[in-house]
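In: sequence unknown, structure follows:
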């Protein structure tokens, strides 16, 4: 693979699925870092052989570099992008302890909240009797975020961080499960935080719907690209 655009350096290829929360947060970090990648949107029912060859686990996101390096985890892709360029200092470089705290928070949500979230989604989808119990299990995590947002505008401080963009897709999922309940829920700071993201130009661009790569073989540039 040697994809070069306008004789510039070869660009990595990002295999992505538009609504997958892991792929979403990888795209957000790439966008925030102003990195440029070649975006290949896929559907899970028709995975490209090129993606499977690069990453046999065959889940998105996958970032494939021309030197053979492959990143198969969304958080690894986010950290790569922001270590390359971090114009908004989402890694809070002035305090190395903050990054450690961010990673602890992200890992807790990735490990524990995601399990509760999936159970909550299933309970709603299949109209199971334990819906409220599943929601309450999720709420302990949402309350943690609400407490943080009662102290400052973002999860770590008054400045946006890696933690905010890493958790964003999953809080968005939580908010959509029981929409009417959520709008009346005792988490006004979390709602405001989420709405600010969902209504932002950044989110609109990150969620742009592109033609499926296998259907068109079109080269789509994403990230720090002048439009």
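Out: Thanks, I have the structure now. Just so it is clear, the structure is predicted and the values come from calculations on it, not from any experiment.

In: any idea how far residue 135 is from residue 178?
Out: For residue 135, the distance to residue 178 (C-beta to C-beta, to the nearest Å) stands at 7 Å. Every residue, glycine included, has its C-beta placed from N, CA and C.

In: Of the two, give the one with the bigger neighbour count.
Out: residue 135 (21 against 17; other C-beta atoms under 10 Å).

In: ok, now which ones touch the more buried one?
Out: With contacts defined as C-beta atoms under 8 Å, 6 or more residues apart in numbering, residue 135 is in contact with 120, 123, 177, 178, 181.

In: taking the residues you listed one by one, which sit in helices?
Out: 120, 123, 177, 181 (DSSP state H).

In: so which pair among the residues you listed is furthest apart in space?
Out: 123 and 181 (12.7 Å; C-beta to C-beta).

In: Of the contacts of residue 135, which is the nearest to residue 210?
Out: Lowest distance from residue 210 to those (C-beta to C-beta) belongs to residue 177, with 26.7 Å.

In: Which among the ones in helices among the contacts of residue 135 count as buried?
Out: 120, 123, 177 (16 or more other C-beta atoms under 10 Å).

In: Remind me what the lengthiest strand in the chain packs against, helices and strands.
Out: Ranked by residue count and defined by DSSP state E, the top strand of the chain is strand 36-41. Applying 3 or more C-beta pairs under 8 Å, 6 or more residues apart in numbering; DSSP states H and E, one finds that strand 36-41 contacts strand 13-16, strand 220-223.

In: residue ranges with poor pLDDT in this structure?
Out: 1-8, 225-227 (pLDDT under 70).

In: rewinding a little: ok, so of the contacts of residue 135, who is nearest residue 144?
Out: Comparing the contacts of residue 135 against residue 144 with C-beta to C-beta places residue 120 closest, at 16.1 Å.

In: ok now do the closest residue to the closest one other than its chain neighbours, which residues does it touch?
Out: Spatial nearest neighbour of residue 120, excluding adjacent residues (C-beta to C-beta, 6 or more residues apart in numbering): residue 134 at 4.1 Å. Counting by C-beta under 8 Å, 6+ apart, residue 134 makes contact with 116, 119, 120, 122, 123, 128.

In: ok, which pair from the contacts of residue 135 is furthest apart?
Out: Largest pairwise distance in the contacts of residue 135, by C-beta to C-beta, is 12.7 Å, between 123 and 181.

In: Please look at residue 164 and residue 153 and confirm they touch.
Out: No: between residue 164 and residue 153 there is no contact under C-beta atoms under 8 Å: 9.6 Å.

In: Quick check: neighbours shared by those two?
Out: With C-beta under 8 Å, 6+ apart as the test, residue 164 and residue 153 both reach residue 193.

In: now the contacts of residue 135 as JSON lines including distance to residue 97?
Out: Converted to JSON lines, those look like this (distance: C-beta to C-beta, whole Å):
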{"residue": "120", "distance to residue 97": "33"}
{"residue": "123", "distance to residue 97": "38"}
{"residue": "177", "distance to residue 97": "34"}
{"residue": "178", "distance to residue 97": "37"}
{"residue": "181", "distance to residue 97": "37"}
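
In: what's the closest of these to residue 199?
Out: Residue 199 has its nearest neighbour among the contacts of residue 135 in residue 177, at 20.0 Å by C-beta to C-beta.

In: ok now do the closest one, which residues does it touch?
Out: Counting by C-beta under 8 Å, 6+ apart, residue 177 has contacts 120, 121, 124, 135.

In: Please tabulate these in CSV, including the columns distance to residue 56.
Out: Converted to CSV, the contacts of residue 177 look like this (distance: C-beta to C-beta, whole Å):
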residue, distance to residue 56
120, 31
121, 27
124, 33
135, 36
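
In: Noted, bye for now.
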